[in-house]
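**Q** When you get a sec, could you give me coordinates for this:
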Amino acid sequence: MNGYFFDMDGTLYNNKFHEVSKKTFEMLNELQVQGHYVALCTSRCQRELKNLPSCMRNFQFDCMISDGGALILGKDREIIEMNCIPKETMKRIDLFCKEHHLEYRYSTLNGNYFGTPYSKFAHNIYFHLYLNSPVFKPYEDDDVLNVLLLCEGEEKEQVKALIQGLGYVECPDCFEIRACGIDKATAVKKIMDAYAFETTYCFGDGANDLDMLKEADVGVAMGNACDALKKVSDVVIGN
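**A** Predicted structure coming up:
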């Protein structure tokens with residue numbers, strides 16, 4: 001049995017047009033028919049998966065890794081592992097964002113929220129990508145899996161100092177933040193260790209897929225992937 005781990009946006013799903021290729025799902029079903037292990041590995045939280053096309057929502061992945069690796073769910077959506085950002089750290093992030101008038105979003109097991117008042121611009125970005133948007137709910141000792149902190153320019157260095165020791169990916173206009181030592185690769189490795197696949201394949205397109213592709217026996221970058229991912233991949237396929 002081989003293990004196949006797929007990123008969502010830009011890999012299985014075209015979120016520019018909110019489309020899923022029919023051929024993609026024929027392939028996923030065929031892999032399972034052949035007895036292989038098919039897993040989703042996304043930075044989306046569970047709430048951000050709710051408005052996907054029905055074929056994607058209803059597909060029975062053998063495992064669902066979400067929140068950038070912080071949450072691992074089994075085929076029956078039982079929790080295999082859940083890694084939260086320490087609450088004292090979350091309080092510091094929350095206070096920093098309030099003091100610097102920065103927008104941030106945080107995800108929990110069943111929720112997705114803006115921790116600070118959000119702009120129409122932030123709402124529109126989220127809705128464009130996910131066809132839903134977080135609601136505003138001030139942080140109150142929630143168990144947080146993943147944070148997206150929106151910032152640019154000089155404040156980025158301050159944010160780096162704030163989140164030192166945590167797992168994060170830096171993007172041009174934001175940071176995706178998780179608990180220390182947690183990312184897509186660590187989640188994939190946990191499943192690899194449990195199943196001892198003959199060969200593990202990981203598919204992705206973004207910077208947050210880098211370590212996951214390195215962890216795989218065969219790292220597959222999409223044709224639309226960032227250059228950094230293509231450099232570490234074993235294979236580059238179509239868009």
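**Q** tell me the centre residue of this protein?
**A** For the chain, the residue nearest the mean C-alpha position is residue 43 (0.7 Å; CA atoms, centre = their mean).
**Q** contacting residues for that one?
**A** The contact partners of residue 43, by CB atoms under 8 Å, 6 or more residues apart in numbering, come to 66-68, 146, 176, 184, 208. Every C-beta, even on glycine, is put in place using the N, C-alpha and C of the backbone.
**Q** buried residues in the helix or strand bottoming out on mean pLDDT in the chain?
**A** Least confident helix or strand of the chain, by mean pLDDT, DSSP states H and E, is helix 54-58 with a mean of 87. For helix 54-58, a neighbour-count test (16 or more other CB atoms under 10 Å) marks residue 56 as buried.
**Q** Quick check: closest non-adjacent residue to residue 215.
**A** Spatial nearest neighbour of residue 215, chain neighbours left out: residue 185 (4.4 Å); criterion: CB to CB, 6 or more residues apart in numbering.
**Q** quick one: contacts of the strand or helix carrying that neighbour?
**A** Per DSSP states H and E, residue 185 falls inside helix 184-195. Residues outside helix 184-195 that contact it (CB under 8 Å, 6+ apart): 1, 3, 5, 7, 37, 39, 41, 43, 63, 65, 68-70, 72, 80-81, 200, 202, 204, 208-209, 211-212, 214-216.
**Q** So which of these belong to strands?
**A** 3, 5, 37, 39, 41, 63, 65, 72, 80-81, 200, 202, 204 (DSSP state E).
**Q** which of those residues are buried?
**A** Buried among those (16+ other CB under 10 Å): 3, 5, 37, 39, 41, 63, 65, 72, 200, 202, 204.
**Q** ok, so what distance separates residue 126 from residue 7?
**A** Taking CB to CB, to the nearest Å as the measure, residue 126 and residue 7 are separated by 19 Å.
**Q** Who has more neighbours out of these two?
**A** Between residue 126 and residue 7, residue 7 has the larger neighbour count (other CB atoms under 10 Å), namely 28 against 19.
**Q** shouldn't that one be in contact with residue 201?
**A** No - Residue 7 is beyond contact range of residue 201, at 11.9 Å (criterion: CB atoms under 8 Å).
**Q** quick one on the thing from earlier: among the ones in strands among the contacts of helix 184-195, which one sits closest to residue 55?
**A** Checking the ones in strands among the contacts of helix 184-195 against residue 55 by CB to CB gives residue 39 as the nearest, at 17.0 Å.
**Q** Isn't the closest one up against residue 65?
**A** Yes - with contacts defined as CB under 8 Å, residue 39 counts as touching residue 65 at a distance of 6.4 Å.
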